[in-house]
Every structure is written in structure tokens, then in C-alpha cells.
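J.: could you work out the structure for the sequence below:
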Amino acid sequence: MSTKQDDLNLEMKEFLSKHGSKPVSFKALDTALQGTVDAVLDGLKDAFKSHKDARRALEKRVAELEARPLPTYRGVHQDGANYTANTMVTRGGSLWFATEDTTSTPGTDGSWRLIVKRGAA
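T.: This is a model prediction of the structure:
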């Protein structure tokens with residue numbers, strides 16, 4: 001099975017073997033080059049579509065990342081206080097990050113993630 005590029009190369013080889021360095025009419029040259037022009041245009045269309053699809057995927061990813069809430073620091077942890085996801089607090093000299101809304105004490109369940117251990121900074 002031949003590809004479009006193979007067909008195009010064969011057409012150009014046939015044209016050159018037929019005409020060589022002899023003068024040719026504009027019509028003959030136009031006919032011979034039309035396949036080349038079409039192939040180049042098809043290649044450009046494919047490349048632009050591929051880049052357009054990639055750009056859209058990146059734009060979507062950036063929008064998702066920008067929509068994420070930023071972490072906020074709320075100071076020293078207060079027992080029983082409400083903390084929303086993406087909140088950071090200190091407790092016992094360590095920095096903790098809330099992975100979900102919680103009223104628990106950091107280190108007692110899975111709603112907190114240790115970011116910096118006391119004395120490790």
C-alpha cells in the first residue's frame with residue numbers, strides 16, 4: 001500500500017523523466033505541481049489541527065489549575081475550630097495542611113498532611 005507521499009514522489013519522478021531539462025508549458029507544470037501543493041496543504045492542515053488540539057488541552061489544564069483554591073495560613077491550630085481544605089496551621093512547631101474540611105487536630109486522622117516537621121526546616 002503506497003502513501004500519498006510515495007504517490008507524489010512517483011508523479012514528480014515521472015514528470016522529470018519525461019521532461020528533464022526541456023521547457024514545459026505552464027499547464028504541464030501546474031498539473032505536476034498541483035499534487036505537491038495539495039500534499040503540502042494537507043500536511044499543514046494536519047499540523048495546525050494537531051497544534052490546535054494540543055493548545056486546547058493545555059488551556060483546559062491551566063484553567064483547572066488556576067481554579068484550584070490557594071492554600072491559606074491560619075496561624076496556630078485552635079482545638080475545635082473549623083478548617084477548610086487547603087488551610088495550613090502550625091501545631092507543636094510543625095506545619096500542617098488540611099486535605100479536607102475538618103475540625104480535628106492535626107496528626108490525629110487523615111484530614112491533615114504534615115508539611116514541615118518540627119525542627120526539620
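J.: secondary structure element holding residue 119?
T.: Per DSSP states H and E, residue 119 falls between elements, in no helix or strand.
J.: so what's the residue count around it?
T.: Neighbour count of residue 119, defined by other Cβ atoms under 10 Å: 7. Glycine gets a C-beta too; all of them are placed from N, C-alpha and C.
J.: could you look up the SS state of the residue of the chain most remote from its centre?
T.: Taking Cα atoms, centre = their mean, the residue of the chain most remote from its mean C-alpha position is residue 22, at 51.3 Å. Here residue 22 is recorded as coil under DSSP: H, G, I helix; E, B strand; the rest coil.
J.: ok, residue 75 next?
T.: Going by three-state DSSP: residue 75 is strand.
J.: report the contact partners of it.
T.: Shown in contact with residue 75 (Cβ atoms under 8 Å, 6 or more residues apart in numbering): 89, 90.
J.: so how far is residue 30 from it?
T.: Distance, residue 75 to residue 30, using Cβ to Cβ, to the nearest Å: 77 Å.
J.: just the strands in the chain please.
T.: 72-76, 87-91, 94-98, 112-116 (DSSP state E).
J.: Throw these into a markdown table and include mean pLDDT, thanks.
T.: Putting the strands of the chain into a markdown table (pLDDT from 0 to 100) gives the following:
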| stretch | mean pLDDT |
| --- | --- |
| strand 72-76 | 97 |
| strand 87-91 | 97 |
| strand 94-98 | 97 |
| strand 112-116 | 96 |
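J.: that older thread, confidence score at the residue farthest from the centre of the chain?
T.: At residue 22, the pLDDT value in this model is 79.
J.: and it, how close does it get to residue 116?
T.: Between residue 22 and residue 116 the computed distance is 80 Å (Cβ to Cβ).
J.: kindly report the same for residue 10.
T.: Distance of residue 10 to residue 116, computed by Cβ to Cβ: 67 Å.
J.: cool, and residue 63?
T.: For residue 63, the distance to residue 116 - Cβ to Cβ - is 30 Å.
J.: of the two, which one has the most company?
T.: Ranked by neighbour count (other Cβ under 10 Å), residue 63 and residue 116 place residue 116 first, with 14 against 9.
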